[in-house]
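Fold the stuff below for me.
(chains A, B and C)
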Amino acid sequence: MMLKYIFYPGCYVSTMLPHVEAAIRFILKKFNVETIELEDLSCCPPKINSIADELFWLTVAVRNLAIAESKGLDILTPCNGCFESFFEAKMMYMEGKDLREKVSNILSKLGYKFEGKIKPKHLIEVLYEDVGLEKIKENIVKPLGALRVAVHYGCHLFIVEHGGDVWKKPRMTDELIKVTRAELVRDGLERLCCGFVPSTVDDAFSLTYRTEVRLKSVKELGVDALVTPCPQCLMRLEFGQVRLRAKARYDVPIIHLAELLALALGLDPKKFGFTVYHKSPTKLILQKIGLG
Amino acid sequence: MGTAVESASIEVSAESRVLVHDNSKCTACTTCMIACSMKHFGVADYEKSFIKIIFNPVVKAFEAAYCHHCDEPYCLNICPVDAIYKDKLSDGTVIVRISTLKCIGCGSCRLACPMSIPHEDPVMRVAVKCDLCDGDPECVKACPTQALRFVPRSEALNFLKKVYG
Amino acid sequence: MEEFLSKILEKHKDKIVKVKEIVPWRVIFEVPNGRLKELAKDVFEIHGFRLSTISTLDQGFYFELLYHFVKDKYVLTLKTVISKENPRIPSLTDIIPGANWLEREVRDLFGIEFEGHVEPERIVLPPDWSLEPPLRKPIAPKLPPTYAEYLVNLISKAALASITGIVKRRRTKMGLPEVVAPVLESKKVIEEIRKISKELEIDRKVPVRK
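I've put the predicted structure just below:
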């Protein structure tokens, strides 16, 4: 059976990390996952909006889900933020009766209807559950046994239904890294916030007490790369290094999980700008695996 | 609303819900602090937040400092103008509140509190602290990792006993 | 209480709700705010007191106004209470001209309106003062009147932000579609988001918390 999803890259991946999008598309194509892009989809929007106006946030998010439901397909997103937003929106919409009535009232005026038949899926879930580890293992053409990597999950990957196992998706991430044969090294700070959310309030604080703490710890591990499934973490940790340069040089290559998988699955790093568009020295990774 | 002295006799039952923070799940993203200050003051400001995420060097983890809405609040007992009172919601949740109308901003509650939770708001010049968002805490809704939960006291006690012995 | 003061009390028994004696020659009569003017007129015109000052206390839910009248060694304070929702009281300026500046000061600092004041202009604060009365205790944190601007900004930054030319070139170079949802700048999407925000009246005032 062919897998089919609505592909929702989110604003970060599509506007600032096109190389990650290229890697994701390569992986999905490799496993015959068909993706559809819809022009009608709007911003997810970020969950933090619900503090200002819960109903507005929920309506816009459920509108996206309703559009996906009209096509009868699940939404596939590689962005932790978008995933959280859709996931929470669906949960709140299905649980809260008053909210559901209010939101469906507004949406019905625009001609949309959502019944909770589809679900938002993170790229990790799609790869781990729907594609399957075995299938990925079979397709590995370039084992990355030479690499020692650390992982950074990103806060919003922990989102689950109430009382669920918050470590479910992070464990999937670990498995997906191990499948490339890369060695996973731990420092116990995997779940620490990258500093992206705090930077909206106090940038200097977040840079010193979140971003730098994590970078320092990874540097001490002496790993070849830090792998993250979250586009915001990727950007924060990369730009954090650039901004901290005056103080200290960390030079830790930060790559997206999809890029790691794409390398293992045989994508030519030159084709998707692996070394060009990163702000961290990703060249070191290629040297290590003998492609640079 | 009765007087502060009358309200002090409101009993806190085991069903009364309270915030509880799990440091093994917290990622220190501070979304709870942003949510709190946005909800109460309309700005994203760590200083104004009623919940604080701080690093605990003893257990090497991020902990949250927040109001526990004590059974016998020190702040209520020390307040010289009886501005602090207990309030019981329909679901049994007891909230220790500070009346901004009565408070004179002396700071006694901050000294009395074992965790120095009430702090002075520079604009209102009175003490402010967590009011559990009237029984629907915004920080719990904002937490992405379910490290913050809003649970009955009995459950919270069991959990904290397990963690801190 | 000295005889001179108890005589006044005897005469106006029907208006006075509470009496407090500090020392025999200094007493406080508590009166309902509707009857204060009658009593003050009597005290000023017949008994020969002068209005020394007016002091005001913000007691949270209400204001306490204290009119201090003095004659020789006697000090008579008329105390009255007015609600915060409707802080109005009849002015004494038509019977006691000396109350003019005192009332204007209270009006400036506490925002209490003295009805029928002969010269209702600012005295302590600058004429262009637009903030709250400075001595009045704030009731609740100041929330922004609306979040509409903030929300629309955020949504437009994320969803409707255009992909820059350089990114477009990069994307096509890598074989990606030039633009992709949700950064399409699709007119239809913008229109629908506008409709939702209108439907929800997100520019409504944020309700004031208790």
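
Determine how far the last residue of stretch C:27-39 lies from the first.
15 Å (Cα to Cα, to the nearest Å).

One more: stretch A:44-63?
9 Å.

for chain A, what are the nearby residues on chain B?
Selection of chain B residues close to chain A by Cβ under 8 Å from any Cβ of the partner chain yields B:25, B:27-31, B:33-35, B:38-39, B:44-46, B:55, B:138, B:141-142, B:144-146. C-beta coordinates here come from the backbone N, C-alpha and C atoms, glycine included.

Go again with 6 Å.
Residues of chain B lying close to chain A (Cβ under 6 Å from any Cβ of the partner chain) are B:27-31, B:35, B:38, B:44, B:46, B:144-146.

Do a quick rundown of the strands in the stretch 151-292 of chain A.
Secondary structure of the stretch 151-292 of chain A, counting by DSSP state E, counting those that start in this stretch: strands at A:183-184, A:225-228, A:254-256.

got the contact list for the shortest one?
Looking back up the chat, that one is strand A:183-184. Defining contact as Cβ atoms under 6 Å, 6 or more residues apart in numbering or on different chains, one finds that strand A:183-184 is touched by A:148, A:177-178.

and which of the residues you listed is nearest residue C:195?
Comparing the contacts of strand A:183-184 against residue C:195 with Cβ to Cβ places residue A:177 closest, at 43.9 Å.

on that earlier part again, next step: the residues of chain B next to chain A restricted to helices.
Among these, the residues falling in helices (DSSP state H) are B:31, B:35, B:38.

Touching, residue C:66 and residue C:78? I think so.
No - proximity of residue C:66 to residue C:78 does not meet the contact threshold set by Cβ atoms under 6 Å, at 7.5 Å.

Compare these two and say which is more crowded by neighbours.
The residue with more neighbours, out of residue C:66 and residue C:78, is residue C:78; 23 against 14, by other Cβ atoms under 10 Å in any protein chain shown.

The helix or strand encompassing the more buried one near chain B at all?
Using DSSP states H and E, residue C:78 sits in strand C:74-83. No - against chain B, strand C:74-83 shows no contacts by Cβ under 6 Å from any Cβ, the least distance being 12.2 Å.

Contacts for the least confident helix or strand in chain A by mean pLDDT, please.
Every helix and strand of chain A was ranked by mean pLDDT, DSSP states H and E. The lowest is helix A:10-16, at a mean of 84. Here helix A:10-16 makes contact (Cβ under 6 Å, 6+ apart) with A:20-21, A:77-79, A:82, A:231, C:158, C:163, C:167, C:180, C:183.

What's the per-residue pLDDT of the most centrally placed residue in chain B here?
Chain B has residue B:67 as the residue nearest its centroid, 2.3 Å off, counting by Cα atoms, centre = their mean. Looking at residue B:67, its pLDDT is 93.

Could you find the closest non-adjacent residue to it?
What sits nearest to residue B:67 in space, not counting adjacent residues and going by Cβ to Cβ, 6 or more residues apart in numbering or on different chains, is residue B:130, at 3.9 Å.

mind putting the strands of the stretch 151-292 of chain A in a markdown table, mean pLDDT, distance to residue B:112 and mean neighbour count included?
A markdown table is the format used below for the strands of the stretch 151-292 of chain A (pLDDT from 0 to 100; distance: least, Cβ to Cβ, whole Å; neighbours: other Cβ atoms under 10 Å in any protein chain shown):
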| stretch | mean pLDDT | distance to residue B:112 | mean neighbour count |
| --- | --- | --- | --- |
| strand A:183-184 | 92 | 49 | 16 |
| strand A:225-228 | 92 | 45 | 26 |
| strand A:254-256 | 92 | 47 | 26 |
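
nearest to residue A:237, of these?
Smallest distance to residue A:237 across the strands of the stretch 151-292 of chain A (Cβ to Cβ): 4.8 Å, for strand A:254-256.

partners of that closest one in the sheet?
strand A:225-228 (parallel) (DSSP bridges).

what's the spacing between the partner strand and its chain's center?
Counting by Cα atoms, centre = their mean, to the nearest Å, strand A:225-228 is centred 12 Å from the centre of its parent chain.

and the gap between the residue located most distally from the centre of chain A and chain C?
What lies farthest from the middle of chain A is residue A:109; by Cα atoms, centre = their mean that is 33.2 Å. For residue A:109, the distance to chain C equals 7 Å [Cβ to the nearest Cβ, to the nearest Å].

ok, how many other residues are close to the closest residue to that residue other than its chain neighbours?
Nearest residue to residue A:109 in three dimensions, chain neighbours excluded: residue C:199, at 6.8 Å (Cβ to Cβ, 6+ apart). Neighbour count of residue C:199, defined by other Cβ under 10 Å: 16.

Of the contacts of strand A:183-184, grab the buried ones for PyMOL.
A single PyMOL command selects the buried members of the contacts of strand A:183-184 (16 or more other Cβ atoms under 10 Å in any protein chain shown):
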select buried, chain A and resi 148+177
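
And the contacts of strand A:183-184, which is closest to chain B?
residue A:177 (19.0 Å; Cβ to the nearest Cβ).

Quick one: residues in contact with stretch C:79-89.
Against stretch C:79-89 from outside (Cβ under 6 Å, 6+ apart): C:28, C:30-31, C:33, C:36, C:62-66, C:112-113, C:115.

repeat that for 8 Å
C:28-33, C:36, C:59, C:61-67, C:110-115 (Cβ atoms under 8 Å, 6 or more residues apart in numbering or on different chains).

Check the gap between residue A:79 and chain B for me.
Residue A:79 is 13 Å from chain B, by Cβ to the nearest Cβ.

Hmm, that residue is touching residue A:233, no?
No - if you go by Cβ atoms under 8 Å, residue A:79 and residue A:233 don't touch, sitting 10.7 Å apart.

quick one on the thing from earlier: could the contacts of helix A:10-16 go into CSV alongside neighbour count and secondary structure?
Listed next are those as CSV, based on neighbours: other Cβ atoms under 10 Å in any protein chain shown; DSSP: H, G, I helix; E, B strand; the rest coil:
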residue, neighbour count, secondary structure
A:20, 27, helix
A:21, 26, helix
A:77, 26, strand
A:78, 29, coil
A:79, 27, coil
A:82, 30, helix
A:231, 27, helix
C:158, 22, helix
C:163, 20, coil
C:167, 20, helix
C:180, 24, coil
C:183, 22, coil
